[in-house]
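# Structure here, sequence nowhere to be found:
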């Protein structure tokens, strides 16, 4: 009877470990499943009315952007003209420079970038309005030195797998009862 109880406990513990691994995987990967190059903030912001000297677009993403020849930022002017901006990519930040805006109206920013975490291509767009009398946009602050690229989920995953492997080995390693000699 005692052997059955020990086996039942071992099976329950093994199932608990498997469930913990599955839930850990879900927690690690669920936040980023649909977040290919998900934008965190931008300057100008979508639907914002800006004025002053506007000669660039700044974008900040949740993950790093991979430098790639296909990356682009295009600005569409109120008259429908489309111009590619001079692109820069630095970790999770990307942006484009262009000639200072002079014509009031609605502008559309279209970007296509490669997400560094999984290599997926993402395109998106947003619009803002330029009115010379409006206040200038709040440009994004300079990123702190030594910023992280968001690899904490990978570390958690490695630790979970290591702990699970050790526990599974301990549970299922064949044990032999020691023979006692009288």
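Sure, I can see it. Bear in mind that the values here come from a model prediction, so they are computed numbers and not experimental data. Numbers count the residues shown, from 1 in each chain.

# ranges for the strands of this protein?
Taking DSSP state E, the strands of the chain run over residues 39-43, 49-50, 56-61, 65-66, 72-76, 82-84, 86-90, 93-97, 105-115, 121-130.

# Same list, those strands, but as TSV with mean pLDDT and mean neighbour count please.
(C-beta placed from N, C-alpha, C; glycine too.) What follows is these, written out as TSV (pLDDT from 0 to 100; neighbours: other C-beta atoms under 10 Å):
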stretch	mean pLDDT	mean neighbour count
strand 39-43	93	16
strand 49-50	97	18
strand 56-61	95	21
strand 65-66	90	20
strand 72-76	96	19
strand 82-84	95	11
strand 86-90	93	15
strand 93-97	94	20
strand 105-115	94	18
strand 121-130	94	16
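
# and the closest residue to residue 72 other than its chain neighbours, bridged to which residues?
Nearest-residue entry for residue 72: residue 112, 5.2 Å, with adjacent residues in sequence omitted and distances by C-beta to C-beta, 6 or more residues apart in numbering. Per DSSP bridges, the residues bridged to residue 112 are residue 72, residue 123.

# hang on, residue 112 packs against residue 122?
Yes: between residue 112 and residue 122 there is a contact under C-beta atoms under 8 Å: 7.1 Å.

# between the strands of the chain, which gets nearest to residue 21?
strand 105-115 (25.7 Å; C-beta to C-beta).

# hmm, back to that, I'd like the strands of the chain as a markdown table, with distance to residue 138 appended.
Formatted as a markdown table, those follow (distance: least, C-beta to C-beta, whole Å):
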| stretch | distance to residue 138 |
| --- | --- |
| strand 39-43 | 6 |
| strand 49-50 | 9 |
| strand 56-61 | 10 |
| strand 65-66 | 21 |
| strand 72-76 | 19 |
| strand 82-84 | 24 |
| strand 86-90 | 19 |
| strand 93-97 | 14 |
| strand 105-115 | 16 |
| strand 121-130 | 13 |
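
# gap between residue 8 and residue 14?
Residue 8 is 11 Å from residue 14, where distance means C-beta to C-beta, to the nearest Å.

# With neighbour numbers in mind, choose between those two.
residue 14 (15 against 10; other C-beta atoms under 10 Å).

# Next up, the contacts around the closest residue to residue 83 other than its chain neighbours.
In space, and not counting its chain neighbours, residue 83 is closest to residue 75: 5.5 Å by C-beta to C-beta, 6+ apart. Each residue near residue 75 by C-beta atoms under 8 Å, 6 or more residues apart in numbering is listed here: 57, 82-83, 85, 96, 98, 107-110.
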